[in-house]
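**Q** Here is a sequence with its predicted model. Questions after.
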Amino acid sequence: MIEWILIGGIAGVMYLVIYKYEQKMDKMQELIDLNKSQINKNQDKIKDNHERIDKNFGRLDEHYNHIEKLWVAFPKKKNKQEKEEEQDVKD
């Protein structure tokens with residue numbers, strides 16, 4: 001008789017544990033679904049930002065090319081030794 005009471009008690013406890021677990025899983029699934037909808041809503045913003053970054057990258061590349069051209073065209077500064085050597089060569 002005691003065995004049947006223990007078996008019934010264990011079955012009841014297992015039922016309660018499984019029931020509580022299922023409730024928590026249902027609540028978590030609702031939260032996951034809610035977060036998925038928010039993620040999908042933000043995907044549009046992410047795509048817009050990527051497009052804006054791509055446009056700005058092209059502009060930055062043009063600016064860097066322009067800066068490099070200016071740097072190459074800019075005459076180098078001569079130090080005192082080079083100036084003296086040039087004057088000696090001219091004389």
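**A** In hand now; what should we look at? Numbers count the residues shown, from 1 in each chain.
**Q** This structure: helices as residue ranges?
**A** 2-73, 80-90 (DSSP state H).
**Q** Dump these to JSON lines, plus mean pLDDT and mean neighbour count.
**A** For every residue, glycine as well, the C-beta is placed using N, CA and C. Below are the helices of the chain laid out as JSON lines (pLDDT from 0 to 100; neighbours: other Cβ atoms under 10 Å):
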{"stretch": "helix 2-73", "mean pLDDT": "85", "mean neighbour count": "10"}
{"stretch": "helix 80-90", "mean pLDDT": "64", "mean neighbour count": "9"}
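**Q** Check the gap between Gln38 and Lys45 for me.
**A** Distance, Gln38 to Lys45, using Cβ to Cβ, to the nearest Å: 11 Å.
**Q** for Val17, that is, sorry about that
**A** 42 Å.
**Q** For the residue nearest the centre of the chain, give its distance to Gly8.
**A** Taking Cα atoms, centre = their mean as the criterion, Ile46 is the residue nearest the geometric centre of the chain, at 10.2 Å. Using Cβ to Cβ, Ile46 is found at 55 Å from Gly8.
**Q** Lys27 now?
**A** Between Lys27 and Gly8 the computed distance is 29 Å (Cβ to Cβ).
**Q** cool, and Asn49?
**A** 61 Å.
**Q** likewise Ser37?
**A** Applying Cβ to Cβ to Ser37 and Gly8 gives a distance of 44 Å.
**Q** And Ile39, by the same measure?
**A** For Ile39 relative to Gly8 (Cβ to Cβ), the value is 46 Å.
**Q** Kindly report the same for Gln23.
**A** In this view, Gln23 and Gly8 are 23 Å apart by Cβ to Cβ.
**Q** Next: Gln43.
**A** Gln43 is 52 Å from Gly8, by Cβ to Cβ.
**Q** Fine, thanks again, bye for now.
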